[in-house]
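[1] curious how this folds, go ahead:
(one chain, ligands or ions: 1)
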Amino acid sequence: MSLTQDTLFTRIIRREIPADIVYEDNLAIAFRDINPQAPVHILVVPKEPIAQLSDAESQNHALMGHLLLTVKRVAAQLGLENGYRVVINNGADGGQTVPHLHLHLLGGRPLLWPPG
Ligand code: 5GP
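    Just a heads-up that it's a prediction; the model follows:
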């Protein structure tokens with residue numbers, strides 16, 4: 001899939017909207033959330049604009065693994081050796097507001113459970 005489908009995050013990928021980018025490779029980008037819910041709050045986003053996790057297909061298998069390993073890499077890069085949380089909001093009941101798959105990486109403080 002190309003980047004012709006416009007989402008807020010494809011516009012960040014194309015540098016049309018500024019973001020504090022902490023990591024990028026050919027498949028994914030990671031940048032700081034504009035409204036952080038923890039001292040470290042990063043969004044890890046595939047460059048392929050899959051709308052939400054429930055739209056991922058078996059052909060996206062390798063990309064899905066890459067996104068998780070990217071979270072691990074960014075967490076280490078940002079010094080989250082005490083732990084962190086990874087969240088994917090999926091669809092309306094999941095609280096998803098941007099229709100482009102993204103993994104939230106949250107850390108830098110103890111996080112409560114359940115998340116509400
Ligand atoms: P969702 O609610 O879809 O799981 O997460 C979307 C996230 O995108 C939210 O945490 C929100 O703060 C973040 N966000 C929305 N607009 C922008 C933006 O323009 N820049 C950045 N860096 N984050 C954004």
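[2] which bits of this structure sit near the ligand?
    8, 17, 19, 31-35, 43, 89, 95-98 (Cβ under 6 Å from any ligand atom). From N, CA and C alone the C-beta is placed, and that goes for glycine too.
[3] got TSV for the residues you listed, with pLDDT, neighbour count and distance to Asn82 too?
    Converted to TSV, the residues of the chain next to the ligand look like this (pLDDT from 0 to 100; neighbours: other Cβ atoms under 10 Å; distance: Cβ to Cβ, whole Å):
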residue	pLDDT	neighbour count	distance to Asn82
Leu8	97	17	31
Ile17	97	12	32
Ala19	98	19	26
Phe31	98	21	22
Arg32	98	16	19
Asp33	98	17	19
Ile34	98	12	24
Asn35	98	6	23
Leu43	99	20	21
Asn89	98	17	24
Gly95	97	11	25
Gln96	98	18	28
Thr97	97	8	28
Val98	98	14	28
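[4] isn't Lys47 right up against Leu27?
    Yes. Lys47 is in contact with Leu27 according to Cβ atoms under 8 Å; the separation is 6.0 Å.
[5] compare those two and say which is more crowded by neighbours.
    Lys47 (19 against 13; other Cβ atoms under 10 Å).
[6] before we move on, back to that, tell me which of the residues of the chain next to the ligand fall in strands.
    Those of the residues of the chain next to the ligand mapping onto strands are 31-32, 43, per DSSP state E.
[7] quick one: the helices in this protein, in order.
    8-13, 61-77 (DSSP state H).
[8] winner for burial among the ones you listed?
    The highest average neighbour count among those, using mean count of other Cβ atoms under 10 Å, belongs to helix 8-13 at a mean of 19.
[9] residue nearest the centroid of this structure?
    Val44 (2.5 Å; Cα atoms, centre = their mean).
[10] next one: that residue from the ligand, what distance?
    Val44 sits 11 Å away from the ligand, going by Cβ to the nearest ligand atom, to the nearest Å.
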